[in-house]
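>>> 3D, please:
(2 chains)
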Amino acid sequence: MSGTSSNEYIPHHLQHLRYDVAKGEWAHGTDGIVNFHLINVDSLIMGSLLGLLFAAIFYFAARRATSGVPGRFQTFVELVVDFVDGQVKEVFHGDRRFLAPLALTIFVWVVLMNTMDLLPLDIPGMIAGAAGAHYWRVLPTADINTTFAMSITVFVLILVFSVKSKGVGGFGHELIAAPFGAHPALWLPNLALNIVELLAKPVSLGMRLFGNMYAGELVFMLIAMLGFAWAGAFASGAVVGGALGFIGQVLLTAGWAVFHILIILLQAFIFMVLTVVYISMAQESH
Amino acid sequence: MQINATLIGQAIGFLVLIWFTWKFVWPPLLAAMDERQKKIADGLAAADRGQKDLDEAKAQALEIVRGARNQAAQIVDQANRRGNELVDEARGTALAEGERLLASARGEIATETARARGELRSQVAHLALAGASQLLKREVDAKAHAQLLDELATRIAASR
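The predicted model follows:
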């Protein structure tokens, strides 16, 4: 447990490896809710590595793709592609040449990042510690920066698609004239409502994924706390209690991991489908 | 929980991934999948067409065999009939020839008989005349007694 005691265990595991860009040194402590001088090195590295993994797998498959009999690897990749394409086709009736790759990127990248939650809780930290890092959070989607980076990008794409399909004037008119009506007295209420509606999309997208993964990670940590209990019981000679604690930890971890597989896939799927829904809504007129 | 510069870094990474997938991953994969789909559809259509052709060819072959069988039966029939005809014809010809031969033989017999009878008659008349002339020692006028002699010859012929 990296030499920490039970009341330090969870705070330690929730601490990012942070670098202060302004000071040029490793940061310790939290330093505010919003601080653009700091950067979470662990999230960035894990996210980039998994993004590279996604790009490598699919680029390799795309390079070798033929219309002949596909191998198992190609079949697997095509299965994913076909699944995503089918989901996009169901929601979005138009040119899918950009939206479907976007959905594929979101789905696979988020699945890969979420899957990091299934790694044994302390092993990434141990490896990072051996490399000299005091902290290492291995799950990038339990970092609100990652989820909001994605949802804000999606938000920008929503705006781009809105302007592209309706023009600046059309989109602006829609912002002040819908849903109540085009009367000048209604412009302000319309605009207020539309801004809330627009902003609710990235906030809910980002918070949903973050909340689910953060909570999932936290449950793993809480179960891991049983380790302190049974280790203490063994140390004080309570063999039966210690054995029960050990068995309980193993069973609970395994059970939660199995259940968590569902959450990993489901959250990635929800993020993808909602993105597609939002962008297809942006292309339609109110 | 802290919003910091990681947000910008992850957003750039996300955009690069989207761009990469959009440009280099999606088009070749989808092209290959669509092409395979078309290939499979074509293959199935070709298989269907082949099956149909085979069925048609089978039906045609059956039709040809049936036609040939009918024709063969017809030829055999015709040959049988012709054979019977030939036999009948030959029999008719033979019968007619036999009858003709019989008739001519009968006619010949009749003429032979008549000629023999006439010869016999004249010989009888000569004999009778010679006998009478011998008997009378004189020449009998054949002309004067022709009626008598004929009567005699007729009587001889009738007595036969």
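
>>> CA only for contacts and neighbour counts going forward, please
OK.

>>> can stretch A:109-118 be found next to chain B?
No. If you take Cα under 8 Å from any Cα of the partner chain as the test, stretch A:109-118 misses chain B, and the best it gets is 8.9 Å.

>>> contacts for that stretch?
Counting by Cα atoms under 8 Å, 6 or more residues apart in numbering or on different chains, the neighbours of stretch A:109-118 from elsewhere in the structure are A:46-47, A:50-51, A:54, A:138-141, A:213, A:216-217, A:257, A:261, A:264-265, A:268.

>>> for stretch A:244-263, same thing?
Outside stretch A:244-263, the residues that touch it by Cα under 8 Å, 6+ apart are A:115, A:118, A:212, A:216, A:220, A:223-224, A:226-227, A:229-230.

>>> got the contact list for the residue in the stretch 151-286 of chain A that chain B sits nearest to?
Per Cα to the nearest Cα, residue A:153 is where the stretch 151-286 of chain A lies closest to chain B, at 6.5 Å. Going by Cα under 8 Å, 6+ apart, residue A:153 touches B:11, B:14-15.

>>> hmm, try it at 7 Å
Residue A:153 sits next to residue B:11 when contact means Cα atoms under 7 Å, 6 or more residues apart in numbering or on different chains.

>>> repeat that for residue A:102.
Applying Cα under 7 Å, 6+ apart, the residues contacting residue A:102 are B:18, B:22.

>>> any idea of the mean pLDDT in the helix or strand encompassing it?
Assigning secondary structure by DSSP states H and E places residue A:102 in helix A:99-115. Per-residue confidence for helix A:99-115 averages out to 96 on the pLDDT scale.

>>> go on, stretch A:55-67?
Taken as a whole, stretch A:55-67 carries a mean pLDDT of 91.

>>> hey, C-alpha coordinates of that stretch in CSV?
The C-alpha coordinates for stretch A:55-67 follow below in CSV (Å, rounded to 0.1, in the frame of the first residue of the first chain):
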residue,chain,number,x,y,z
ALA,A,55,-5.2,4.9,-33.5
ALA,A,56,-2.6,2.2,-34.0
ILE,A,57,-5.1,-0.7,-33.8
PHE,A,58,-7.6,0.9,-36.2
TYR,A,59,-5.0,2.3,-38.6
PHE,A,60,-3.4,-1.1,-38.8
ALA,A,61,-6.7,-2.7,-39.6
ALA,A,62,-7.6,0.1,-42.1
ARG,A,63,-4.3,-0.4,-43.9
ARG,A,64,-4.8,-4.1,-44.2
ALA,A,65,-8.5,-3.9,-44.9
THR,A,66,-9.4,-5.8,-48.1
SER,A,67,-12.8,-6.9,-49.4
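
>>> in it, what counts as buried?
A:55, A:58-59, A:61-62, A:65-67 (16 or more other Cα atoms under 10 Å in any protein chain shown).

>>> need those residues in a markdown table (columns: secondary structure and distance to chain B).
Listed next are those as a markdown table, based on DSSP: H, G, I helix; E, B strand; the rest coil; distance: Cα to the nearest Cα, whole Å:
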| residue | secondary structure | distance to chain B |
| --- | --- | --- |
| A:55 | helix | 7 |
| A:58 | helix | 6 |
| A:59 | helix | 5 |
| A:61 | helix | 8 |
| A:62 | helix | 5 |
| A:65 | coil | 6 |
| A:66 | coil | 5 |
| A:67 | coil | 4 |
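
>>> what would those look like in a markdown table with distance to residue A:284?
What follows is the buried residues of stretch A:55-67, written out as a markdown table (distance: Cα to Cα, whole Å):
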| residue | distance to residue A:284 |
| --- | --- |
| A:55 | 31 |
| A:58 | 31 |
| A:59 | 33 |
| A:61 | 34 |
| A:62 | 32 |
| A:65 | 35 |
| A:66 | 36 |
| A:67 | 35 |
